[in-house]
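Undergrad: fold the following, please.
(one chain, ligands or ions: 1)
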Amino acid sequence: MSIPTVRRDERGIPTLYVNDRPFFCRAGEIHNSSASDLSFAGEKLWPALRGLNMNCVIAPVYWELIEETEGAYDFSLVDGLIRQAREEQMKLVFLWFGLWKNAESMYVPGWMKLDSETYFRAEKVNGEKLNTISPLCAAAVEKDRMAFTALMRHIRELDAQENTVITIQVENEIGLLGTDRDYSRAAQESFSSPVPDVIAAVSGKSGTWTEVYGEDAGERFMAWAFACAVETIAASGKAEYDLPCYANAWLRQSPWYPGSYPSGGPVTEVQPIWRAAAPSLFAFGPDVYVPYCADVMDAYASEQNPLFIPEIRKDAVAASYALYAFGEKNAICFSPFGIEDLALDPSQLDRPPMELMAALNIDPSAFDITGSRECLAAVYDLLQQLEPLYLQYRGTDHLKVCVRHGEYDYSAFLRFRSYDLAVSYGPRVTAKPLGCAYVIELNDNRFLLAGMNCSISFHAKPGTGHKVDVLRLEEGTLQSGSWNRGRVLNGDEKMPIRFGDMPSVVMIELFRF
Ligand code: DGJ
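TA: Residues are numbered from 1 along each chain as shown. Okay, the predicted model is just below:
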């Protein structure tokens, strides 16, 4: 079997190939501590994921548990998780919780935490030390590199035949909180030197960081410092086992200043620096808890950055965003966070404390799971059944998917060859999916329509003077890309096309007169 890889398909779309076939991660990321005990995972985690129609789980690998004693690696948790995933027929994306997790160094082994002389922390301008080891601490980066490389070697030895592990996230939500940059001695020295060649090439300027980037210098400097550290780690790991690697970003969001979100993390504004300094990474994935998820997807899916969403809100709107992510944005991965919660009774769920939500700048409604399980499971199933058609039509003008982007986004107008489609979104209602439509033009007159919380009407092209009516309208289901028709809707049932809270599909043939 070939190693999992991300490469462009025949239409030029960056695609994850697993066992030489395109693989779309209908994923969920588990809670931070859920992979730290195999008995817990066996009893509580895996059963909770059954029935969601996922094909992939995103799970942490903890440096603090792999190298409790310096230099002695213990991979038993990794082995157990891979074994369990295989039993569940699930692929794994591993999160390397190494030097940095949510802008802190909370997952470094105890021996490293206790030696803050050797493994020095980043500092604020007033000398206050952060609980974040500086990316300029070469000794710490080297230890992380060694551990990560040993991990990748181990995964290769265990998994190169089966390809259960398909992608690796290197570190987690990197950056510095509470300061625009590191002011430690090492950082001061580096910051006052001329920018390195790679930055001169990206910016087209030379000089000191401040001369090149002005007021943005602090964040740009941190982006470079973190990207270099991650490149050292990722490149060495990939030399052992060349799995696709990416980094994730805590979004740049209100109140917008670097340090209110982790300064130096791979947000869109600094991705050119990350791309140049960390060429081993194939993507920078957004962690999306804000209410305007579709805008974030639009911003993070670009020619240079395939959309890989390792974390997204898990309220019912996630189902709509999943359709949009794959259908319109060619996502490689879509993954609500804390996915195992979806098995719980919403009223029994321990809501994360407000202080945690505030500290993480997370919209609390993002964690409301009312109605999420049914909608997400149905959409993941639909995506699976659509896959053969999706592969046929993605990247062409015959597939268009829209989702309600914001409060004042009421409708979408989708142009096809012989007809235009108007999609009217229903109102945004708590614990319900957002309006969204997934349209495939099968031939000039025939469309497959799927959606939620919206209605669709059809228009002849302007200037033709034609009217449009339905030749045939069928309810039905898809199975591996084949249409199984249900009722043929005519007479009293020949109504406008409306989609409710759960995803459904219709086949429609139109004519003009
Ligand atoms: C984003 C982080 O990347 C996750 O590990 C987790 O801490 C969530 N925030 C919040 O629960």
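Undergrad: tally of neighbours for L389?
TA: Counted with other Cβ atoms under 10 Å, the neighbours of L389 add up to 19. Placement of C-beta: from N, CA and C, glycine included.
Undergrad: please disregard the earlier target; I meant K494.
TA: 11.
Undergrad: I'd say it and R472 touch.
TA: No. Using Cβ atoms under 8 Å, K494 makes no contact with R472, being 10.0 Å away.
Undergrad: ok, F416 touching L442?
TA: No. The pair F416 / L442 is not scored as a contact, 10.5 Å apart, by Cβ under 8 Å.
Undergrad: between those two, which contacts overlap?
TA: H398 (Cβ atoms under 8 Å, 6 or more residues apart in numbering).
Undergrad: quick check: beta-bridge partners of the residue nearest in space to the middle of the chain?
TA: The residue lying closest to the centre of the chain (Cα atoms, centre = their mean) is I309, at 0.7 Å. For I309, the beta-bridge partners are F334 (DSSP bridges).
Undergrad: contacting residues around it?
TA: Contact analysis of I309 by Cβ under 8 Å, 6+ apart lists 285-288, 297, 300, 325, 331, 333-335.
Undergrad: and the gap between R7 and A27?
TA: Going from R7 to A27 by Cβ to Cβ, to the nearest Å gives 20 Å.
Undergrad: repeat that for T396.
TA: For T396 relative to A27 (Cβ to Cβ), the value is 25 Å.
Undergrad: out of these two, which sits in the busier spot?
TA: More neighbours surround A27 than the other of T396 and A27, with 29 against 11 (other Cβ under 10 Å).
Undergrad: list the residues that contact I155.
TA: I155 neighbours (Cβ under 8 Å, 6+ apart): 78, 82, 94, 165, 241, 243.
Undergrad: near the closest residue to the last one other than its chain neighbours, how many other residues are there?
TA: By that I understand L243. Leaving aside its sequence neighbours, L243 sits nearest to I168 (Cβ to Cβ, 6 or more residues apart in numbering; 5.3 Å). The number of residues packed near I168 is 25, by other Cβ under 10 Å.
Undergrad: any idea what I168 is bridged to?
TA: Following DSSP bridges, I168 is listed with bridge partners F94, C245.
Undergrad: isn't it up against W96?
TA: Yes. Assessed by Cβ under 8 Å, I168 is found in contact with W96 at 6.1 Å.
Undergrad: please name the nearest non-neighbouring residue to the closest residue to the ligand within the stretch 101-250 of the chain.
TA: Nearest to the ligand in the stretch 101-250 of the chain, going by Cβ to the nearest ligand atom, is E173, at a distance of 4.5 Å. Distances taken as Cβ to Cβ, 6+ apart place W250 nearest to E173, at 4.3 Å, with adjacent residues excluded.
Undergrad: from what I can see the one you found touches L176, true?
TA: No. Judged on Cβ under 8 Å, W250 makes no contact with L176 at a distance of 11.1 Å.
Undergrad: okay, and the common contacts of those two?
TA: With Cβ under 8 Å, 6+ apart as the test, W250 and L176 both reach 103, 262.
Undergrad: compare these two (neighbour count), which wins?
TA: Comparing W250 with L176 by other Cβ under 10 Å, the one with more neighbours is L176, at 30 against 24.
Undergrad: which residues in the stretch 51-200 of the chain form helices?
TA: Along the stretch 51-200 of the chain, the stretches classed as helices by DSSP state H, counting those that start in this stretch are 63-66, 76-87, 110-113, 138-159, 185-191, 197-203.
Undergrad: buried ones in the longest one, by neighbour count?
TA: Using 16 or more other Cβ atoms under 10 Å as the burial criterion, the residues of helix 138-159 that qualify are 140-141, 143-145, 147-155, 158-159.
Undergrad: CA atoms only: put it into CSV for me.
TA: The C-alpha coordinates for helix 138-159 follow below in CSV (Å, rounded to 0.1, in the frame of the first residue of the first chain):
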residue,chain,number,x,y,z
ALA,A,138,16.8,25.3,20.5
ALA,A,139,17.3,22.8,23.3
ALA,A,140,13.5,22.3,23.8
VAL,A,141,12.9,22.2,20.0
GLU,A,142,15.5,19.5,19.7
LYS,A,143,13.9,17.3,22.4
ASP,A,144,10.5,17.7,20.7
ARG,A,145,12.1,16.9,17.4
MET,A,146,13.6,13.7,18.8
ALA,A,147,10.4,12.6,20.4
PHE,A,148,8.3,13.4,17.4
THR,A,149,10.8,11.6,15.1
ALA,A,150,10.7,8.5,17.3
LEU,A,151,6.9,8.6,17.2
MET,A,152,6.9,8.8,13.4
ARG,A,153,9.3,5.9,13.2
HIS,A,154,7.1,3.9,15.5
ILE,A,155,4.0,4.6,13.5
ARG,A,156,5.8,3.5,10.3
GLU,A,157,6.9,0.3,11.9
LEU,A,158,3.4,-0.5,13.1
ASP,A,159,1.2,1.0,10.5
